[in-house]
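Whatever this is, show me its structure:
(2 chains)
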Amino acid sequence: MFLTISTSGAAGRPATDLGFLLHKHPDKAQRFSTSHGTAHVLYPEAGEERCTAALLLEVDPVALVRKGKERGRGGAPDSALAQYVNDRPYAASSLLAVAIGSVFSSAVKGQCTARPELPGQVWPLRIEVPVLPARGGAGLVERLFAPLGWKVTARPVALDERFPEWGDSRYVSLVLEGELRLADALRHLYVLLPVLDDAKHYWISSDEVDKLLRAGEGWLEGHPEQRLITNRYLGRRWSLTRDALDRLALARLAESDDTEPEELDNAVDEAEDTAERPVPLAVQRRQAILGVLRRSGAARVLDLGCGQGQLVGELLKDARFTEVVGVDVSVRALKEASRRLRLERMTERQAARVALLQGSLAYTDRRLTGYDAAVLSEVIEHLDLPRLPALEYAVFGAARPGTVVVTTPNVEYNVRWETLPAGHVRHGDHRFEWTREEFRAWAVEVAERHAYDVDFAPVGPEDPEVGPPTQMAVFRKHDTTTKHDTTGKHDTTRTTETTKEAKAA
Amino acid sequence: MTGTGTTPGTRTPLAVPDLSLVVLVGATGSGKSTFAARHFKPTETISSDFCRGLVSDDENDQSASKDAFELLHYIAGKRLAAGRLTVVDATNVQPEARKQLVALAREHDVLPVAIVLDMPEEVCAERNAARPDRAGLALRVIQRHRRELRRSLKHLEREGFRTVHVLRGAAEADAAEIVRERRYNDLRHLTGPFDIIGDIHGCRSELESLLTALGYALVRDEAGRPVDAAHPEGRTVVFVGDLVDRGPDSPGVLRLAMGMVAAGHALCVPGNHENKLGRHLSGRQVNVAHGLAETLEQLEREEPEFREKARTFIDSLVSHYVLDGGRLVVCHAGLPEKYHGRTSGRVRAHALYGDTTGETDEFGLPVRYPWAEDYRGRAAVVYGHTPAPAATWLNNTICLDTGAVFGGKLTALRWPERELVDVPAEEVWYEPVRPLASEAPGGADGRPLDLGDVTGRRVVETRHLGRVAVKEENAAAALEVMSRFAVDPQQLLYLPPTMAPCATSKEEGYLEHPAEAFAGYRADGVRRVICEEKHMGSRAAVLVCRDADVARERFAVAGGVPGAVYTRTGRPFFDDAALAARILERLGRAVGEAGLWEELGTDWLLLDAELMPWSLKAAGLLRHQYAAVGAASRTVFPAALAALESAAERGVDVAGLLGRQRERAEDAEAFTEAYGRYCWPVGGEGADAAAGIRMAPFQLLAVQGRSLAALPHDEQLALIDRLVAADGGGEEGGEGAEGEVDGVGGTRGLLAPTRRLVVDTEDEASVAEGTRWWLELTAAGGEGMVVKPLQAYARRPDGRLVQPGVKCRGREYLRIIYGPEYTRPDNLARLRVRHLGHKRSLALREYALGLEALDRLAEGEPLWRVHEAVFAVLALESEPVDPRL
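Down below sits the predicted model:
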């Protein structure tokens, strides 16, 4: 990881004054120990006209990985994958920002005891960062640096010339040119390198807020991307520490499959439909489901595929639902649900009404029998079609709740979604989306096979041509009393006899 | 009640079952503690005084009695649950106190025994006076105790004590001697070997055939009826009950079984049908149903003496037996571990009827709680009662009722060999009320996959490595992946186990080196090993069927795809079903042309393979990690080196740094080379979609009815060579006749061969040859090799399972794992500290589970049994282990 800072001299001010400002003599190569490796400062050129200082941080990749492991419980969330194959030794990441802060600390603060007039001066500066990880691409780099007075040249770096089809990497080669005070320039880098890096791999320290306020003083408050800068600078640690441990097991499975953890660990979707920022359609869906459940007279309800527990929360608000069980296959989603519902802070009486279980509808599950109603809201489309019969049997054949509510997207409606490219499903994990006809055909067959009646209802604004955005089927189990009458007597005698036999034994 | 007359100087034996709750009854000062100390171990006796002391620091603090007795009951309960005889040393003169103890004994299904010490008042007073802490005890306490005791005496048996011993006076107490008696069900001293026979239901002819098949010689009476059978090697038959009802000759079966039991050639536990017949024969009212009518009719033709003999026989049967040192429990309807060796009404009820839920199913038969699914006991439980198409082990239990009377078969289990022997029914003697297998998804096994098969902390019984445990959190992660991403479990018959690397090499510049692999196997006593080229792509399990119909019917594959290709976590390898179909069709044709369908007698084949290129599946990782690191390093070094060179020209001393950066630049270059070798573009439009994809099968895992996992690797690879030849060398069929140059349909073919070399680990020259082979292979860009015992399945001389293979990865390849600069001496020194133990153990456990899945598949076990083992492999894969190993 490497960057250079150049300036050109002017009459009465040789370029080598840069050495005073940086507190590093232009004719020496100096080394400094930092927490992630050895930093070197040296000057490839040092003349009256031009002077360039280079900062080179030698990162020890082996130590980096081993350090990550020792962090133990509070450690890197992806320590299972904390790879020796790592861009840290090469790219100008947050580690380089840390090095800037420590190696050039006086310069960052704008202090220069020997030449106190220098820090206040505005100089022509040119900063080159050959490899800058830039999540958001060259465009974001421009948006971040240009408002600060820099002329930005950000050239994307190709991943591998031998494989042009792979396209560009996440790195850019960055050149910044502008007339600025050096301290400001360094503070820009100090904050924006980690913001662009946006890596999950390493934390810095816990007093980040103070650091950001200090380094951002005088430029951050007015920056048009202030929100993004702050979020990324501060936000990257919290969400990752939270359920780091649960995610390790999935990360390991992904690794044994040569795939990225996000491929498997995508049950909790931070971007969409969270309780804090509800999507209107999701609200309508929950209202529709609640309406059906209330009318059905159900008291004990299963939310199968409860995700982060939004519907469970709604159900708990209504006292007529005496028992609400949320079931999901994702442990992470359940943890999130438990946190949102504040399960551990509920009174015993409240907590007794709710349970969250890990379960899978690919299997029959004895715990799920005997409920009044079950909800499968936006669940079936997350299954590969060949595995749908197993879900069907687990719910309608084995658990057999009195009422089953199923909602799923109506694919016909997708054309009304302006932001959705044609032919795309609404969510990356949707394995299929059905037309109204397809959904009906499936539902009617299921109902027939398992002795249920089924009705359909639209959810959301119904379009005359393509129907509603969400379609809902409500299944009701056939009244079984008549069926019992024919065999009931027989059953009873037999049961009594067995009991008697058992007793006599 | 036994009153014990005293003859001075002789010992009077008091019988006590060896597992019982012994309740001492006597006034204060009657000598209970002394008696207990003389006849029982100190740890067997719990005294109320001691418990009082524990909770209050004062053995005589009567206000602490409530807590003290709760504690006493708690300790006694723990001991009884653990199957230990327990003596309660308290006055127990009040009925209420005894009632609680009788309830405690029942709760743990042991017999309560009362030993009453009925001592004269003056003896008690004298003894109390001798104890400083009791010296002040009022005489009226003793008197009250004695009054209560007198009142209690005649009620003790009615209170539930099965044995009551009363010792009157000091002399009787002194002369008493406790004799511990074995319980009727405790036959642990019998070690067999046994032949345990399932439900017979009057199928006398089938029983004769089965006994003959088992090697027994039948003994017949003058009328030609079999009355005994003996085995030349002294084996013993154990009948699991239900000898009678429904079938053609219940008396005949009874006669043979009774004869064998009388001759000591058989043991027999009662079934619910014997139980009911017995009650009928004793003149009690029973509902004549479920085939009892047939038996009664058949018995009418017998002499009254025979009926009486049958009644006595049935009456004498013990509900279950614990055999063979406690390793084997036989009963009719199964028994959870806490009932083994216990005696109570409910133990007998469970042994006879199983765990009924009180409900009935749609056929009017009682719904049985599947107790065996929860069974985790050490003893194997062998039982019958519930007819199923085949006998299968479940959690160390097996049901031998294979519906002989319903036209199924009569099954025996050889113990300890655990072999099943069966004979088919001669006809359908009785129409079953309920079909033997249900229609639920999951096929012939009769039930769909249940969450209970896979979640929570689980132990999977494997035949090659015993019990393999799966932790709850690992099962949880596997459940998510299995449910959300995997192919249908009906196609997921196997997941490849992880493989450990060879021991870490100390060879300069190397982290892994073949010398360690060869030495490791030599130490394990494996002489002949095979070195197989390790292909660098992505692992794939491939199920290929003769055609799409077979795939649909046998494995429920939809969409006209003749099989399935899936990754190490069970995910479909190809997102595009059409592409999967093309590749499988191509592979299927090669199998056909090589003549393997016929030769192996199968319509399907399960293969372990590597699919290439690596970039096919790992595109995301390459883009975000490997190629990214390459791009960053290749871009940064020119700039950094230029800066350093300029500084050096200015006379700044940067020599060390410059040299180091140059080396790093070279390492980065080598790294980029390393991953690049395993990447090439694939695919095209339509027919070209599979162009560039190559598959290297390296093991045939299973075919119809057979696991091939133990087939020696040279034979394996010879078969695979024929596949490769058939694919590449054969005529091009239909597709690919024009335009394709490479990959599927092209001249290179889909299938890639696996190069190999056999090495003798005891022969230095051969080992050197192996090393040279590896050096050449890796120098040419190969990932490395896998070294496996040639015979595939190997055990060490001490019986322990040997690693099925170790990988030995090339020096350049390892840059992808350990980073571009791992070869630098200071890095290597640190990286050599790696711990292989867990990885090796994991590899063995997963290997055993994989073999188990294949064996279960081969034996036609139900889907959930195969799935249990496959799921466990996935769960173990989520165990924390150094991912670079």
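
leaving aside the residues next to it on the chain, what's closest to residue B:32?
Leaving aside its sequence neighbours, residue B:32 sits nearest to residue B:24 (CB to CB, 6 or more residues apart in numbering or on different chains; 4.4 Å). In short, each C-beta sits where N, CA and C put it, glycine included.

cool, residue B:302 as well?
Spatial nearest neighbour of residue B:302, excluding adjacent residues (CB to CB, 6+ apart): residue B:251 at 5.2 Å.

Looks to me like that neighbour is in a helix.
Yes: judged by DSSP: H, G, I helix; E, B strand; the rest coil, residue B:251 forms part of a helix.

Could you report the distance from it to chain A?
In this view, residue B:251 and chain A are 22 Å apart by CB to the nearest CB, to the nearest Å.

per-residue confidence at that residue?
At residue B:251, the model reports a pLDDT of 96.

What about it, how many residues nearby?
Neighbour count for residue B:251, taken as other CB atoms under 10 Å in any protein chain shown: 21.

re earlier: identify the residues contacting the residue nearest to residue B:32.
Contacts for residue B:24 (CB atoms under 8 Å, 6 or more residues apart in numbering or on different chains) come out as B:32, B:35, B:36, B:87, B:88, B:89, B:90, B:92, B:115, B:117.

Now, the residues you listed that are in helices?
Among the contacts of residue B:24, DSSP state H puts B:32, B:35, B:36 in helices.

now, which of the residues you listed sits nearest chain A?
residue B:36 (34.8 Å; CB to the nearest CB).

my guess is the closest one meets residue B:89, correct?
Yes: taking CB atoms under 8 Å as the definition, residue B:36 is a contact partner of residue B:89 at 5.0 Å.

So which of these two has more stuff around it?
residue B:89 (24 against 21).

Give me the distance between the residue nearest to the more buried one when sequence neighbours are not counted and chain A.
In this structure, residue B:89 finds its nearest non-sequential neighbour in residue B:47, 3.8 Å apart by CB to CB, 6+ apart. According to CB to the nearest CB, residue B:47 and chain A sit 37 Å apart.

hang on, residue B:47 packs against residue B:34?
No: contact criterion CB under 8 Å: residue B:47 and residue B:34 do not qualify, at 11.4 Å.

between those two, which one's more packed in?
Remark: of residue B:47 and residue B:34, residue B:47 carries more neighbours, 20 against 14, as counted by other CB under 10 Å.

Hmm, the residue nearest to residue B:302 is touching residue B:297, no?
No: with contacts counted by CB under 8 Å, residue B:251 stays clear of residue B:297, the gap being 10.2 Å.

who in the stretch 301-450 of chain A is up against chain B?
A:329-331, A:358-367, A:382-387, A:389-390, A:393-394, A:397-398 (CB under 8 Å from any CB of the partner chain).

quick one: contacts for the residue nearest to residue B:89?
So residue B:47 contacts B:33, B:36, B:89, B:90 (CB under 8 Å, 6+ apart).

In TSV, list these along with pLDDT.
Below are these laid out as TSV (pLDDT from 0 to 100):
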residue	pLDDT
B:33	93
B:36	95
B:89	96
B:90	95
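
picking that back up, nearest to residue A:410 among the contacts of residue B:24?
Closest to residue A:410 out of these is residue B:88 (71.4 Å), distances taken as CB to CB.

where does residue A:2 fall, phi/psi-wise?
Main-chain dihedrals, residue A:2, degrees, to the nearest 10: phi -160, psi 140.

before we move on, back to that, joint contacts of residue B:36 and residue B:89?
Shared contacts of residue B:36 and residue B:89 (CB under 8 Å, 6+ apart): B:24, B:45, B:47.

what about stretch B:341-353, near chain A?
Yes: counting by CB under 8 Å from any CB, chain A has neighbours in stretch B:341-353: B:345, B:348, B:349, B:352, B:353.

cool, and stretch B:185-197?
No: Stretch B:185-197 stays clear of chain A (CB under 8 Å from any CB), getting no nearer than 14.6 Å.

swap in stretch B:774-783?
No: counting by CB under 8 Å from any CB, chain A is not contacted by stretch B:774-783; separation bottoms out at 13.1 Å.

Show me the shaky parts of the stretch 201-350 of chain A.
By pLDDT under 70, the low-scoring segments of the stretch 201-350 of chain A are A:201-207, A:235-248, A:269-279.

closest point of it to chain B, which residue?
As assessed by CB to the nearest CB, chain B sits closest to residue A:249 within the stretch 201-350 of chain A, at 3.4 Å.
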